[in-house]
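can you look at this prediction? I've put the sequence above it.
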2 protein chains.
Amino acid sequence: METTMRIGELGRATGVEIETIRYYEKAGLLPGPARTQNGYRAYSQAHLEQLAFIRRCRALDMAQDEIRDLLLFKSQPEANCECVNTLLDEHIAHVATRIAELQGLEAQLRSLRAQCKKIRKARDCAILQELAQPDAKPVVKAASHVKGAAGAHRRGK
Amino acid sequence: METTMRIGELGRATGVEIETIRYYEKAGLLPGPARTQNGYRAYSQAHLEQLAFIRRCRALDMAQDEIRDLLLFKSQPEANCECVNTLLDEHIAHVATRIAELQGLEAQLRSLRAQCKKIRKARDCAILQELAQPDAKPVVKAASHVKGAAGAHRRGK
DNA sequence: ACACACCCTGTAGCCGCTCCAGGGTCAAGG
DNA sequence: CCTTGACCCTGGAGCGGCTACAGGGTGTGT
């Protein structure tokens, strides 16, 4: 009676790449499903739902740790949900912080860009000059603040 | 005449960790310095300036590729600086895009959070319920959009 | 003689995937 | 019966930008 699906079907149904699904299993986010005789993964409806849940959390930029916590809460219907609220609040705070950082960054970048309106020799480029100048505002200090964030949002593929 | 400094001094002077400096050398951002008899790195003033330049770029969240390009332009004073401007414009665009994404995210998170005002049993928690619901707006679609960005700004240490 | 601060190389880990090599399984078509 | 092709498996490497550690050498002071 239980309809099961293979990994490819599950991937198509959720829009998740096969390799990512296997990765979630290895990472302990998605429980390992039953196997058919030939060793293929046989997923149930519950797996599909959990995978969709994971993806929605990821779409909200939650880390695996956070998702694991949420899954745990979900599996304990009698627990009280304060922790969920707290987790979400903290996550929102992190996102807000990151936005503020990036906005500061953008302002700096725009002011830097405004230094050079016309095309000149690199030697005279005000942008390169400013980047080379040690006394350029608290830019360097900012580095430690942004720490761990840099290069994060890199262009896809 | 040339005052040289060891890696520890350079680190202190720039606020960059020793391991990071060695990493930049390996990554081709900072040229490998002369060595003393015992094999210690002996950095010149030029190294210090280049490292500071790199850190200012990193503080502006530029990728290593971008920094390498900038360093190249800097080393070609006769080239024209249009490329610098273009690079910066693209970088600004990326930052702006990321900000917009995160703002959308924040709005979603806040509306999700607003679902649960009081503390209840996890079973009844509207947040968990909404995350479990497949038809919750185009959240899932957003996933592919944010792709490559998730988990990026993780809390430092 | 020893402690201690500093330096070296090389390797592994973090996150969230993504991709690849090298194989097995199974149904349809020649 | 054999091949083709779509699908599946495992295990490992790679991305960026570091960070941390193991296991050693060097140089100064007590």
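It's in.

which residue is nearest the middle of chain A?
The structure's chain A has its C-alpha centroid closest to A:D61; by Cα atoms, centre = their mean the separation is 4.2 Å.

tell me how far the longest helix along chain A lies from the chain's centre.
Longest helix of chain A, by residue count under DSSP state H: helix A:82-114. Its chain's average C-alpha position is 14 Å from that of helix A:82-114, according to Cα atoms, centre = their mean, to the nearest Å.

follow-up on the earlier one: surely the residue nearest to the centre of chain A and A:V95 touch.
Yes: using Cβ atoms under 8 Å, A:D61 makes contact with A:V95 at a distance of 6.7 Å. C-beta: built from backbone N, CA, C; applies to glycine.

need the residues touching each of these two.
B:L102, B:L105 (Cβ atoms under 8 Å, 6 or more residues apart in numbering or on different chains).

might you enumerate the residues of chain A proximal to DNA strand C?
Contact residues (Cβ under 7 Å from any atom of the strand) of chain A with DNA strand C: A:17, A:19-20, A:23, A:36-39, A:58, A:63-65, A:157.

now do the longest helix of chain A, average pLDDT.
Mean per-residue pLDDT for helix A:82-114: 90.

quick check: buried residues in it?
A:83-85, A:87-88, A:91-92, A:94-95, A:98-99, A:101-102, A:105-106, A:108-109, A:112-113 (16 or more other Cβ atoms under 10 Å in any protein chain shown).

show me what it is packed against.
Contact here means 3 or more Cβ pairs under 8 Å, 6 or more residues apart in numbering or on different chains; DSSP states H and E; on that basis helix A:82-114 packs against helix A:64-74, helix A:126-132, helix A:139-146, helix B:82-114, helix B:126-132.

of the ones you listed, which approaches A:G32 most closely?
Closest to A:G32 of these is helix A:64-74 (Cβ to Cβ; 14.5 Å).

indicate whether that closest one makes contact with chain B.
Yes: Helix A:64-74 lies within reach of chain B by Cβ under 8 Å from any Cβ of the partner chain, at A:Q64, A:L70, A:F73, A:K74.

now do the contacts for the second one.
With contact set as Cβ under 8 Å, 6+ apart, A:L70 has these partners: A:F53, A:C57, A:M62, A:V84, A:L87, B:L128, B:L131.

ok, the longest helix of chain A near DNA strand D or not?
No: residues of helix A:82-114 are not located near DNA strand D by Cβ under 7 Å from any atom of the strand, the shortest gap being 13.7 Å.

report the angle between that helix and helix B:82-114.
160 degrees (axes from the mean of the first three to the mean of the last three Cα atoms, to 10 degrees).

so where's chain A uncertain?
By pLDDT under 70, the low-scoring segments of chain A are A:1, A:134-157.

rerun that using 80 as the cut-off
Where chain A drops to pLDDT under 80, the residues are A:1-2, A:77, A:118-124, A:133-157.

picking that back up, what two of the contacts of A:L70 have the greatest distance between them?
A:F53 and A:L87 (14.4 Å).

mind listing what A:E9 touches?
Counting by Cβ under 8 Å, 6+ apart, A:E9 makes contact with A:Y43.

how does it look with 10 Å?
A:T3, A:Y43, A:L48 (Cβ atoms under 10 Å, 6 or more residues apart in numbering or on different chains).

would a markdown table of those with neighbour count be doable?
Converted to a markdown table, those look like this (neighbours: other Cβ atoms under 10 Å in any protein chain shown):
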| residue | neighbour count |
| --- | --- |
| A:T3 | 9 |
| A:Y43 | 24 |
| A:L48 | 16 |
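
among these, name the ones in helices.
Reading helices off the contacts of A:E9 with DSSP H, I get A:L48.

could you dump the contacts of A:E9 to TSV with distance to DNA strand D?
Listed next are the contacts of A:E9 as TSV, based on distance: Cβ to the nearest atom of the strand, whole Å:
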residue	distance to DNA strand D
A:T3	14
A:Y43	9
A:L48	13
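
of the contacts of A:E9, closest to chain B?
Closest approach between the contacts of A:E9 and chain B, by Cβ to the nearest Cβ: A:L48, at 9.1 Å.

is it true that the closest one touches A:G15?
No: the criterion here is Cβ atoms under 10 Å, and A:L48 misses it with A:G15 at 11.6 Å.

follow-up on the earlier one: quick one: the longest helix of chain A to helix A:64-74, angle?
Going by the same axes, to 10 degrees, helix A:82-114 makes 160 degrees with helix A:64-74.
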